[in-house]
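Undergrad: fold the following and give me the result.
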Amino acid sequence: MQITFIDTEESWKQMLPMSYTRPVADVRVGILKVHEKWSKHLASTDIHFRSQDYLNTLFQKPKEKSLTILGNVLPTESLVSSVSSLRESEALICDGKLIAGYFSSTESFEVGDRVEVSVSEINQVSHPWDIFKLNGAEIERDFKLLTDGRKSKPINDKHTKTYGEGIFLEEGAKVKAAILNAENGPIYIGKDAEVQEGALIRGPFALCDHSVVNMGAKIKGDSTVGPHSKVGGEVSNSVIFGYSNKGHEGFLGNSVIGEWCNLGADTNNSNLKNNYANVKMWDFATGRFKDTGLQFCGLIMGDHSKCGINTMFNTGTTVGVSANIFGDGFPRTIIPSYAWGGSSGFTTYQTRKAFETAELVMKRRNKQLTEADKAMLSHIFEITAENRVWDKT
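TA: Predicted coordinates:
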C-alpha cells in the first residue's frame with residue numbers, strides 16, 4: 001500500500017516554524033514521527049508527501065493514486081481501522097474536516113462526490129505546542145507499538161535502581177548508576193543510546209537511537225529526546241526532534257526543539273507566567289498571538305537555531321529557522337528565522353554564514369549539508385524576509 005501524507009495550506013502554516021523544514025507528518029511526537037506511526041500500523045514502507053513545493057526535493061512526492069492522510073492526524077486503533085476499511089469512493093470525515101481518502105498526486109484534497117464516512121474523534125498536532133501537550137500519551141502508544149511481544153535487553157549495572165515494569169532497552173543501550181522510575185509511564189531507551197551516571201529519569205520518557213542523557217541530568221515525564229542528541233540539566237515535558245544538544249545545566253520545560261539546534265550552557269526558559277494566566281504564542285497562520293489554552297508553555301525552536309551561554313527565554317517564545325541568539329536579558333517572544341542577536345536588537349544572519357555553521361555542525365554527526373538542503377534553507381530565508389523588520393528600517 002502506498003500512503004501519502006498531505007498538508008493543507010492551513011495545517012502547514014499552523015505548524016510553523018517546525019514545518020518550514022519538513023512536512024507536518026515528519027514531526028516527532030512520542031517516540032516516533034507521525035508518518036512512522038502510520039507506517040507501522042498499516043504495515044507499509046511506501047511513504048510519500050504532498051506539502052510545499054520547495055520541500056519536494058527532500059521528501060518524496062507521490063506519482064500515482066494512493067491512500068492520502070492529513071499529515072497532522074495521529075493514529076489510534078479505531079482510526080486505523082476506519083482508514084484501513086476505506087473504499088476508493090469514500091472519504092473519512094471528522095467534524096466536517098476531511099481526514100483521509102484515495103487521491104491522485106494532482107487531485108485536490110476535498111470530498112467532492114465521495115461518500116462521507118464519519119469518525120467521532122481524532123488526535124491532531126494542529127499547533128507546535130500540541131507536540132509536547134500530546135507527547136506523554138503518544139510515548140505510551142508508541143511504546144506498546146514498538147515493544148509488544150519483544151523482550152528488553154537487560155540492565156546489568158548493579159548501581160542502577162528501577163521502579164515499575166515498563167522499561168525497555170534496545171540493542172546496545174547502556175545505563176550506568178541511574179534511577180529509572182516507570183511507575184507513571186514507560187521508559188524507552190533506543191539502540192546504542194546511553195544514560196550516564198547519576199541521571200534521574202521519570203516516565204513517560206523516550207531516549208531515541210544513539211542519544212545520551214548526561215551525568216546528573218534530571219528528566220521529568222512526558223519528554224522525548226530524538227536520535228543523535230545530548231541532554232543535561234533539567235528537562236520537563238519537552239520534545240527534541242533529533243541531532244540537537246542541550247548538554248549542560250539549565251531548564252527546558254514544555255518546549256519543542258527542532259533538529260540541528262544547540263542550547264548554550266545554563267540556557268533557561270520560563271514555562272509559567274507570574275500571574276498563572278494562559279500563555280499566548282505566535283500563530284503564523286493568523287499573524288498574531290494566539291491563546292494556547294495552556295498554563296504551562298515554554299519555547300518553540302525551529303531547525304538549525306542556536307543560543308549562547310546563559311540565554312533566557314520568556315514564557316511562550318517562538319524561534320524560527322537558523323536563528324542565532326545571544327547576550328543578556330530576555331529576547332523578544334517571537335524571533336524570526338535568520339535573526340542574529342538578542343535583547344539589544346537583531347541583524348540578519350546571512351545564508352552564507354548560516355551554511356558555514358550548518359556544515360560544521362552536521363559534519364560532527366557525519367552528515368552533509370547537501371545542495372537540496374541549501375536550496376530549501378535559501379527558500380526559507382526568502383519567504384521569511386518580511387518578518388525581519390529591521391531590514392526595512
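Undergrad: ok, Asn181 to Leu169 distance?
TA: According to Cβ to Cβ, to the nearest Å, Asn181 stands 15 Å off from Leu169. All C-beta atoms are positioned from the backbone trio N, CA, C, and that covers glycine.
Undergrad: now swap in Gly112 and tell me
TA: Gly112 is 49 Å from Leu169, by Cβ to Cβ.
Undergrad: neighbour count winner among those two?
TA: Leu169 (21 against 11; other Cβ atoms under 10 Å).
Undergrad: find the nearest non-adjacent residue to Pro336, please.
TA: Spatially, and ignoring its direct neighbours in sequence, Pro336 is nearest to Asn387 (3.8 Å; Cβ to Cβ, 6 or more residues apart in numbering).
Undergrad: could you count how many residues lie near that neighbour?
TA: 17.
Undergrad: phi, psi for it please.
TA: phi -80, psi -20 (degrees, to the nearest 10).
Undergrad: does it touch Ser337 like I think?
TA: Yes. Counting by Cβ atoms under 8 Å, Asn387 touches Ser337, with 7.0 Å between them.
Undergrad: show me the strands in the stretch 51-200 of the chain, by range?
TA: Assigned by DSSP state E, counting those that start in this stretch, the stretch 51-200 of the chain shows strands spanning 66-70, 73-74, 90-94, 97-103, 115-118, 123-124, 161-163, 167-169, 174-175, 179-181, 187-189, 194-195, 200-202.
Undergrad: switch those over to TSV; also include mean pLDDT.
TA: Below are those laid out as TSV (pLDDT from 0 to 100):
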stretch	mean pLDDT
strand 66-70	96
strand 73-74	97
strand 90-94	93
strand 97-103	94
strand 115-118	90
strand 123-124	94
strand 161-163	97
strand 167-169	98
strand 174-175	98
strand 179-181	98
strand 187-189	98
strand 194-195	98
strand 200-202	98
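Undergrad: quick one: pLDDT of Asp95?
TA: Note for Asp95: predicted pLDDT of 88.
Undergrad: that one and Phe241, how far apart?
TA: Distance from Asp95 to Phe241, by Cβ to Cβ: 29 Å.
Undergrad: now do Glu359
TA: Counting by Cβ to Cβ, the gap from Glu359 to Phe241 is 20 Å.
Undergrad: about what we covered before: neighbour count for Asp95 and Phe241, which is higher?
TA: Phe241 (29 against 10).
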